[in-house]
Structures are given as structure tokens and as C-alpha cells.
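> Kindly generate the corresponding structure for this input.
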Amino acid sequence: MRRTLPSLMALQCFEAAVRHLSFTRAAEELNLTQSAVSRQIRGLEDFIGRPLFERVKQRLVLTVAGEAYAAAVQDVLDRAEAATLQLMAYRGEGGVLTVAMLPTFGSRWLVPRLVDFSARYPDIQLNLVTQVRPFDFDKVEADVAIHFGPALWPGAICHRLMGEDIVPVCAPGLLKKPLLDARELLDYTLLQHTTRPQAWNDWLSAAGLQDMDTHQPSLLSGPRFEHFFMVIQAAISGLGIAVLPQFLVAEELASGRLQLALDLPVRSQHAYYLVHPATRTDVYKVRVFREWLLAQAAAAEG
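Sure thing, here's the model as predicted:
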């Protein structure tokens, strides 16, 4: 089916006129005559069926429709230019790889390892963005994502990277006395992670605490934080006890800024996954990143 689109030249003339608010200056930028730019925009207005510009006291201004259309046109042209320059620069190989990652996992585990990837694949430019929940790859600009949870992501393939052990941690000096069992943790403020609302419930159940329903109010009453790095800092500050992946707080435990509230690691029922659409499985930049990341994860798990 033929798309309902105006000509590229008309869009370029419109975008330049929007930036300059002048047909004459737009014409100079595009190496056209002022009348040519005027004809292109008039044709665009006829195509759309609405005026995009108007004259107010001899000044060229956008109409309400023109303002709305300008934002969309500028975005489309920017994307088209970026894609063209990328293809010209990398000849279809390499290019920009956008990785949507969990913030704390990315900063503490992935980013320190990326120097090796960049040395191996200098033709690939990494673009790291944060996403804490699954998303639609058709609506978000990302080639791959790092996901924690079950191996489920509609329309995508999940490659297992690694599991994790969960431990309760706190600032040195927070505990009144050494804890002997999990039940004693309920006497303290339990810090909450909003994207893992069942973290404390899961850890305490695995640690052997019975009648969880009785303790539910205590499990959910602590301060809530969206990101792990916030929970970690809250624990360091003495705000309460946090239950966290041990590998994400290994540095704090080694330095003494945090201590184990109870030395009882619990294996999480979920894992970290590299996720990408099935249609991008054989794309060069996705394939080499997948192979490299799986090798890094295998080495980390030992």
C-alpha cells in the first residue's frame, strides 16, 4: 500500500523554514531560490489541507498545526540523517549498538567490562540507556536489553547470563547484637526495592521463616526505592537493612561500608538475561555482543 507522504524536498524546506522562520534564509541554506522554497511549502500545505505558517505583522510564524507538525518532521529528518551517516560510516557493519540495561547492574557489572568489548570491536559504538522494566522493542530504540526475572519477554529471545545470591546487609553498628536467625530481622526497618516488591518475602521464606502472612505488614513498611543503588546508599547510611544481590555489594562488603546482617545467602529463583528481538539474531553488532556477553557471564559465574 502506498504511503501517504509528501516529498522529502518539501519536508526539508519546511524544516529549514521552521528553524529560521524565514523562507529566504531557508532557501540560502538549501541552495534554492526563495520562490522554490515558497512553492514547496505551499504544496505541502495543499497536501496536508491546513496552513502551516501565517504572517503576523510581516513576521513569519507557525500555526498551531505547524508547530505540532514541525516537531514530528524534525524528529523524522534527524533519525533519517543519523541512520544515513551511520550506514555511510560503518558500511552496514558495526555502527551504534544501543543497550537498554538495569542501572545498578549496568554500572557495577557491565560497564567495567566494556573496555574489553570496545577493544575487540572498535567498529561498534556503544550507546547505554537505562530501562528497569520490559518494553516493546518496536516502540523503544534499543537493539538489546539486560533483563532480570523469568525467561519471558513477548516477541524476543532471552539468553541466560547469570543467577544471583541474595543477602541481607546493613551498615556496621546498626545491629544491636549479632543476629541468630531470620526472624530477628523483623525488629529492624526493612528497606524496599519497588521493582522487586517480593524480595524480602522471598528471602525470608527461603531462610525458613514460617507464617509469612502474619509478618506481612513488617515486610512492606520500610522506605521504598526505585533503584538498587539507592537501596545500597540507604543501607550504608544506616537507614535500615536491605536484601540485595551479593555481587552488587561485593565492594561495600569488602571495604566494610556494609556488613552481612545474617550470613545466609539465598539463591534467587530468577536470573539475568540478554534479550533481543528474534529478527535481530543474525545482525552483526547484536551477534558479537551476545557472544561476548555470554562469555563474560560464564567466566563470572565460574
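> What segments of the protein are strands?
Secondary structure of the chain by DSSP state E: the strands cover 53-56, 59-62, 95-101, 124-130, 144-149, 156-162, 165-170, 192-193, 224-225, 242-245, 259-260, 266-267, 271-277.
> how about those in a markdown table, adding mean neighbour count?
The C-beta positions use only the backbone N, C-alpha and C, and glycine is treated the same way. Output for the strands of the chain, formatted as a markdown table (neighbours: other CB atoms under 10 Å):
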| stretch | mean neighbour count |
| --- | --- |
| strand 53-56 | 12 |
| strand 59-62 | 14 |
| strand 95-101 | 20 |
| strand 124-130 | 15 |
| strand 144-149 | 22 |
| strand 156-162 | 18 |
| strand 165-170 | 22 |
| strand 192-193 | 20 |
| strand 224-225 | 16 |
| strand 242-245 | 27 |
| strand 259-260 | 16 |
| strand 266-267 | 14 |
| strand 271-277 | 21 |
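> Ala72 is nearest to which of these?
Closest to Ala72 of the strands of the chain, according to CB to CB: strand 59-62, at 12.9 Å.
> Where does the prediction get shaky in the stretch 101-250 of the chain?
Residue ranges of the stretch 101-250 of the chain with pLDDT under 70: 210-220.
> Start and end of stretch 271-288, how far apart?
22 Å (CA to CA, to the nearest Å).
> List the contacts of that stretch.
Counting by CB atoms under 8 Å, 6 or more residues apart in numbering, stretch 271-288 makes contact with 93-95, 97, 105, 120-121, 124, 137, 143-149, 151, 153, 155-164, 290, 293-294, 297, all of which sit outside it.
> Pull the distance from it to the chain's centre.
16 Å (CA atoms, centre = their mean, to the nearest Å).
> residue contacts, Phe117?
124, 126, 289, 292.
> isn't the first one right up against Phe289?
Yes: look at Ile124 against Phe289 with CB atoms under 8 Å: they come within range, at 7.4 Å.
> returning to what we had before: could you export the contacts of Phe117 to JSON lines, including columns for distance to Val18?
Listed next are the contacts of Phe117 as JSON lines, based on distance: CB to CB, whole Å:
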{"residue": "Ile124", "distance to Val18": "34"}
{"residue": "Leu126", "distance to Val18": "33"}
{"residue": "Phe289", "distance to Val18": "38"}
{"residue": "Trp292", "distance to Val18": "43"}
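> Those: which two are farthest apart?
Top of the distance list for the contacts of Phe117 (CB to CB): Leu126 and Trp292, 11.4 Å.
> rewinding a little: please produce TSV containing the strands of the chain, extended by distance to Gln40.
Below are the strands of the chain laid out as TSV (distance: least, CB to CB, whole Å):
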stretch	distance to Gln40
strand 53-56	12
strand 59-62	15
strand 95-101	32
strand 124-130	34
strand 144-149	40
strand 156-162	42
strand 165-170	62
strand 192-193	54
strand 224-225	53
strand 242-245	57
strand 259-260	69
strand 266-267	64
strand 271-277	37
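> Please identify which of the ones you listed is closest to Arg42.
strand 53-56 (9.7 Å).
> same question for that closest one, mean pLDDT?
Mean pLDDT, computed over strand 53-56, is 92.
> Packing partners of it?
strand 59-62 (3 or more CB pairs under 8 Å, 6 or more residues apart in numbering; DSSP states H and E).
> Who does the strand it packs on pair with, and is each partner parallel or antiparallel?
Each strand paired with strand 59-62, and its direction, by DSSP bridges: strand 53-56 (antiparallel).
> residues making contact with the partner strand?
17, 41, 60-63, 66.
> And those residues, which is closest to Gln259?
Out of those, the member with the shortest distance to Gln259 (by CB to CB) is Leu62, at 60.8 Å.
> Give the full set of residues in contact with that closest one.
18, 21, 52-54, 70.
> picking that back up, intersection of neighbour lists for Ile124 and Phe289?
97, 117.
> which residue is nearest the centroid of the protein?
Closest to where the C-alpha atoms of the chain average out (CA atoms, centre = their mean) is Thr130, at 2.3 Å.
> Any idea what that residue is bridged to?
Met101.
> ok, it to Gln192 distance?
20 Å (CB to CB, to the nearest Å).
> Show me the beta-bridge partners of the residue nearest to Ala199 when sequence neighbours are not counted.
Closest residue in space to Ala199, ignoring its immediate chain neighbours: Val243 at 5.2 Å, by CB to CB, 6 or more residues apart in numbering. Per DSSP bridges, the residues bridged to Val243 are Pro168.
> Does Val243 touch Cys170 like I think?
No: because the distance of 10.3 Å does not satisfy CB under 8 Å, Val243 is recorded as not touching Cys170.
> returning to what we had before: wait, doesn't the residue nearest to the centre of the chain sit right on Ser107?
No: Thr130 is not in contact with Ser107 according to CB under 8 Å; the separation is 9.3 Å.
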